Structures are given as C-alpha cells and as structure tokens.
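Chemist: next come a sequence and a model predicted from it.
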Amino acid sequence: MVNRADLPAPERGLVITHFLTVRDVAVSRDFYAGILGGEVVLAENPAIVRVANSWIILNPGGGPTPDKPDIVLRPPEPGDPVSSFINVRVADIMAFYEAARAQGATFVTEPLDRKAEIRCYLRDPDGYLIEIGQATGMLRGVYADPSPS
C-alpha cells in the first residue's frame, strides 16, 4: 500500500503534477528517479516519480478516451517544436551537471551564464526538454536581457 503523503493526492486544495507521454515507462521512470533524484511512488499504470516537491507521471500514449475525446497522446518526435518544458532549479548547477553527466544524461550545452542565472538544458529518453538553472544575478537584482521582439 502506498502512503497517501507520497501521492499527488491533496487532502485540501490542489497540487500540480507534470504528465509525460513516454515510449518506455521503465526507462523514463529510471531516468527521473536517477538523474533528478526522484522517488518511485508507483512503478506503472501510471508510473509516478516524486521529485523534490513535485510529481512526474509517466504513461504510454494512446488514443481518445471518454474524458478526452479527439485527443491522442504521443511522445515528441525528433524535430517537433517545443511548447513546454520542465524547469528545475538547483542550488549548485555545476555539481548537478557533473553528477547527471556521470549517470549518462545528455545535455544540449554545458551550463551558460545568462546574467540572472546559470542554466543549461538536457533531454530525457523521449526527447522532452528539461531546463536546469541556478539563480545567480537575479538574487542581486541583475536580470537577463529582454528577448528581441
């Protein structure tokens, strides 16, 4: 029996989780438990990994269901545009970066100083984008340059 406190099941109010449609639940579950230091709460149907103060829910894709008619879930394909990503904030980005690389994580770039923060991105086994960032300049009132319009 799973402890209710380990599940995204609030007694009052709400919690926010992130659901990812994945190709291989076991591979994704191991990635989020290993790279992000998560705790596997449920192994499958769906897999739920508690990461820090949040939960990631992992399940294979599928066609429409009565509660989501005309909606098909599938993991991203290479080259798909990115419209959403997981944003992870860490206390020590270089320590996280080195530990994750040692576990086989694939980063888009090494951590880069963006004035307000140091950040980098990695991809999970299905290609989902994950931003890893450490607040630096923003703690002193220094922010990133505005995006060109």
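Modeler: Looks like it came in fine. Note that this is a predicted model, so its numbers are computed, not measured. Residues are numbered from 1 along each chain as shown.
Chemist: against residue 25, how distant is the residue nearest to residue 34 when sequence neighbours are not counted?
Modeler: With sequence-adjacent residues excluded and distances taken as C-beta to C-beta, 6 or more residues apart in numbering, residue 34 is closest to residue 103, at 5.5 Å. Glycine gets a C-beta too; all of them are placed from N, C-alpha and C. Residue 103 sits at a distance of 19 Å from residue 25 (criterion: C-beta to C-beta, to the nearest Å).
Chemist: tell me the secondary structure for residue 28?
Modeler: Using DSSP: H, G, I helix; E, B strand; the rest coil, the secondary structure recorded for residue 28 is helix.
Chemist: my guess is it meets residue 127, correct?
Modeler: No: no contact is recorded between residue 28 and residue 127 when judged using C-beta atoms under 8 Å, the distance being 11.0 Å.
Chemist: what about those two, which has more around it?
Modeler: residue 28 (24 against 14; other C-beta atoms under 10 Å).
Chemist: residue contacts, that one?
Modeler: Listed by C-beta atoms under 8 Å, 6 or more residues apart in numbering, the contact set of residue 28 reads 20, 22, 47, 58, 124, 125, 126.
Chemist: just checking, residue 96 is part of a helix?
Modeler: Yes: the secondary structure assignment for residue 96 places it in a helix, going by three-state DSSP.
Chemist: list the contacts of it.
Modeler: Shown in contact with residue 96 (C-beta under 8 Å, 6+ apart): 90, 132.
Chemist: could we number from 145 for the rest of this?
Modeler: Renumbered: residue one is now 145, and that last one reads residue 240.
Chemist: separation between it and residue 180?
Modeler: Note on residue 240: its distance to residue 180, by C-beta to C-beta, is 9 Å.
Chemist: circling back: show me which of the contacts of residue 172 is closest to residue 219.
Modeler: For the contacts of residue 172, the closest approach to residue 219 (C-beta to C-beta) belongs to residue 270, at 4.1 Å.
Chemist: to what extent is residue 210 buried, counted in neighbours?
Modeler: 5.
Chemist: same check on residue 185?
Modeler: By the criterion of other C-beta under 10 Å, residue 185 has 17 neighbours.
Chemist: how about the strands of the chain, start to end?
Modeler: Here the chain has its strands, by DSSP state E, at 162-166, 183-186, 191-195, 198-204, 230-233, 250-251, 256-257, 261-267, 273-279.
Chemist: out of these, which one sits most buried?
Modeler: Each of the strands of the chain was assessed for mean neighbour count using mean count of other C-beta atoms under 10 Å. The highest is strand 191-195, with a mean of 22.
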